[in-house]
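Enquirer: predicted model, plus sequence, below.
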Amino acid sequence: MDTETVTVLPKGEDFEIIVRHDQSGSAYGITLSKNAYEQLRQHFVVGRNEQLVCPDCKHKARMQNGFIWCENDDCGGIYRAN
């Protein structure tokens with residue numbers, strides 16, 4: 001299974017986001033202004049404290065890489081997050 005590690009580092013007034021492929025070690029990064037970083041943070045973090053559930057079977061789900069993944073092995077649904 002291919003996986004990536006995301007690292008966010010403060011860089012002066014801005015933020016650097018680094019994505020590293022865990023198996024190959026290759027990486028890429030971007031620098032975001034504080035405003036752009038805050039918009040991204042709000043989109044993915046703020047309001048996500050509630051328990052996610054699978055839209056199909058209503059079982060516990062998790063958010064990963066912009067998708068909602070059902071944790072019920074009998075369902076296994078994967079849905080694009082809005």
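Expert: Nice, thanks for sending it over. Keep in mind that this is a model prediction, so the values were computed, not measured. Numbers count the residues shown, from 1 in each chain.
Enquirer: neighbours of L32, how many?
Expert: Using other CB atoms under 10 Å, the number of residues around L32 comes to 17. (Glycine included, C-beta is placed from N, CA and C.)
Enquirer: break down this structure into its strands, ranges please.
Expert: For the chain, the strands defined by DSSP state E cover 4-11, 14-21, 27-32, 61-64, 67-70, 78-80.
Enquirer: okay, the ones you listed, which one's buried deepest?
Expert: Most buried of the strands of the chain by mean neighbour count (mean count of other CB atoms under 10 Å) is strand 67-70; its value is a mean of 17.
Enquirer: point out the other helices and strands that that one packs with.
Expert: If you count contacts as 3 or more CB pairs under 8 Å, 6 or more residues apart in numbering; DSSP states H and E, strand 67-70 packs onto strand 61-64, strand 78-80.
Enquirer: the residue most central in space within the chain and V6, how far apart?
Expert: Relative to the mean C-alpha position of the chain, the nearest C-alpha, by CA atoms, centre = their mean, is the one of N65, at 4.1 Å. Look at N65 and V6: by CB to CB, to the nearest Å, they are 10 Å apart.
Enquirer: which strands and helices sit next to the helix or strand bottoming out on mean pLDDT in the chain?
Expert: Within the chain, no helix or strand scores below helix 34-44, which has a mean of 77 by mean pLDDT, DSSP states H and E. Applying 3+ CB pairs under 8 Å, 6+ apart, one finds that helix 34-44 contacts strand 14-21.
Enquirer: which residues touch the strand it packs on?
Expert: 2-10, 26-34, 37 (CB atoms under 8 Å, 6 or more residues apart in numbering).
Enquirer: can you check stretch 4-11 too?
Expert: F15, E16, I17, I18, V19, R20, H21, D22, T31, Y37.
Enquirer: quick one: mean pLDDT for it?
Expert: Averaged across stretch 4-11, pLDDT comes to 89.
Enquirer: so where's this structure uncertain?
Expert: Counting by pLDDT under 70, the chain shows low-confidence ranges at 42-50, 82.
Enquirer: and it, what are its domains?
Expert: Here the domain parsing of the chain from automatic domain parsing is 1-49, 50-82.
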